[in-house]
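K.L.:
with the input below, show me the fold.
(one chain, ligands or ions: 1)
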Amino acid sequence: MDFIKAATVDEFIKVSHKVIKLIGRPVGIIKRDDGTYFGIEASCKHQGADLLADYRGGTVAVCPRHQWEYDLESGRCLNHDSLPLKKYEVKLEGNDVLVSMFPIQEEQPLDIDFERLA
Ligand code: FES
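P.N.:
Now for the predicted structure:
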């Protein structure tokens with residue numbers, strides 16, 4: 001898997017996240033309370049709003065536009081039928097925070113009630 005430098009560890013001293021552009025798409029690099037990191041798609045699946053605009057830490061992000069809620073660890077939307085956010089592997093090399101160029105490929109069971117949507 002190809003990784004690129006997204007940030008330095010020092011950038012996360014006062015903040016818990018940073019949004020970068022990865023192949024033109026916003027990806028949030030988030031530092032957990034235990035000091036580990038993960039990457040998550042940072043645009044809302046509804047209409048593409050900046051999902052981390054009002055994020056202040058924790059495991060849930062609320063979209064500022066229409067309040068769809070996402071579990072950031074799993075990428076799942078908590079209050080609407082939606083595809084999950086894409087997740088990205090993040091690793092450290094010295095003081096550098098590296099993120100994978102491509103999302104983690106997972107078998108995502110679609111938990112969408114298509115009969116309700118019809
Ligand atoms: S754009 Fe995020 S809930 Fe509508």
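
K.L.:
C-alpha only now, for contacts and for neighbours.
P.N.:
OK.

K.L.:
all strands for the chain, in order.
P.N.:
3-8, 17-22, 25-31, 37-41, 60-62, 69-71, 87-88, 90-93, 96-100 (DSSP state E).

K.L.:
same list (those strands) but as a markdown table, adding mean pLDDT.
P.N.:
Below are the strands of the chain laid out as a markdown table (pLDDT from 0 to 100):
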| stretch | mean pLDDT |
| --- | --- |
| strand 3-8 | 96 |
| strand 17-22 | 96 |
| strand 25-31 | 97 |
| strand 37-41 | 97 |
| strand 60-62 | 97 |
| strand 69-71 | 97 |
| strand 87-88 | 97 |
| strand 90-93 | 97 |
| strand 96-100 | 97 |
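
K.L.:
okay if I get those strands as CSV plus distance to the ligand and mean neighbour count?
P.N.:
Shown next, in CSV, are the strands of the chain (distance: least, Cα to the nearest ligand atom, whole Å; neighbours: other Cα atoms under 10 Å):
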stretch, distance to the ligand, mean neighbour count
strand 3-8, 24, 16
strand 17-22, 16, 18
strand 25-31, 14, 22
strand 37-41, 13, 23
strand 60-62, 8, 21
strand 69-71, 8, 20
strand 87-88, 17, 21
strand 90-93, 25, 16
strand 96-100, 24, 21
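
K.L.:
in CSV: those, plus distance to residue 113.
P.N.:
CSV is the format used below for the strands of the chain (distance: least, Cα to Cα, whole Å):
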stretch, distance to residue 113
strand 3-8, 36
strand 17-22, 31
strand 25-31, 28
strand 37-41, 23
strand 60-62, 22
strand 69-71, 18
strand 87-88, 23
strand 90-93, 32
strand 96-100, 32
